[in-house]
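1. Predicted coordinates and the sequence they were generated for:
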Amino acid sequence: MRRCQSQYRREFQKIGSVFKGLDIPCDYDDHSEESRQLRTAIRRTGETYEEIGHLYAEQPKNDWEIIDNLMHDYRGLVGAFPGILAVHKGAQQKRKDIEKSGVGPIDIRQSVAQRTDVISYATCAEINHFHAERATDFQHSIKSFLTEQISFYQKIVDRLQQNLADYGDV
């Protein structure tokens, strides 16, 4: 992700430099008002593309980094589930073993069954809570991400439209 961002930034800054470089040959042109307006418009085009490069450099903190952090958090949460399920499975197996053997006082067997039920209920509650939170988190984060992306590209369009208006008088 970061590699792509820097490439976009560099490419737009190169484009900006090319447009600014076009201003120099035009400087030797006649010094009419139209020529001066054209040189100014070309220079502003270069500046616009350099600004777009800066926008690309600054944008990730508004959208991509947020999504990246969300994915990192959920990767950690999902990574914990095998351990949680192993504890649940171990508790269930222990309960089956004790019930199957029939050895020991009845109150210990009931105690094991009760604790196993608590683990089962807690595990189910955690899984349900995870799914509910995941849906909310992803919906909110992706909605925010797309809103920021629209805003970002709208800024680019606005800058280009402002620059296009510079050529209207030429």
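-> That came in fine, so what should we check first?

2. Can you report how many residues neighbour Tyr74?
-> Here the number of neighbours of Tyr74 (other C-beta atoms under 10 Å) works out to 16. Placement of C-beta: from N, CA and C, glycine included.

3. wait, doesn't it sit right on Arg134?
-> Yes - under the criterion of C-beta atoms under 8 Å, Tyr74 makes contact with Arg134 at 6.9 Å.

4. wouldn't Arg9 be in contact with Glu50 here?
-> No - using C-beta under 8 Å, Arg9 is not in contact with Glu50, being 9.5 Å away.

5. Which other helices and strands does the strand or helix carrying Thr136 contact?
-> For Thr136, the host element (DSSP states H and E) is helix 106-166. Contacts defined by 3 or more C-beta pairs under 8 Å, 6 or more residues apart in numbering; DSSP states H and E place helix 106-166 against helix 33-58, helix 64-101.

6. Most tightly packed of those helices?
-> helix 33-58 (a mean of 18; mean count of other C-beta atoms under 10 Å).

7. and stretch 64-76, average pLDDT?
-> For stretch 64-76, mean pLDDT is 89.

8. Dump it to CSV, keeping only the CA atoms.
-> Presented in CSV, the C-alpha positions along stretch 64-76 are these (Å, rounded to 0.1, in the frame of the first residue of the first chain):
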residue,chain,number,x,y,z
TRP,A,64,-6.2,3.3,4.0
GLU,A,65,-4.5,3.4,7.4
ILE,A,66,-7.9,3.1,9.1
ILE,A,67,-8.9,0.0,7.0
ASP,A,68,-5.4,-1.4,7.6
ASN,A,69,-5.7,-1.0,11.4
LEU,A,70,-9.2,-2.6,11.3
MET,A,71,-7.8,-5.6,9.3
HIS,A,72,-4.9,-5.9,11.7
ASP,A,73,-7.2,-5.9,14.8
TYR,A,74,-9.6,-8.5,13.3
ARG,A,75,-6.6,-10.7,12.2
GLY,A,76,-5.6,-10.8,15.9
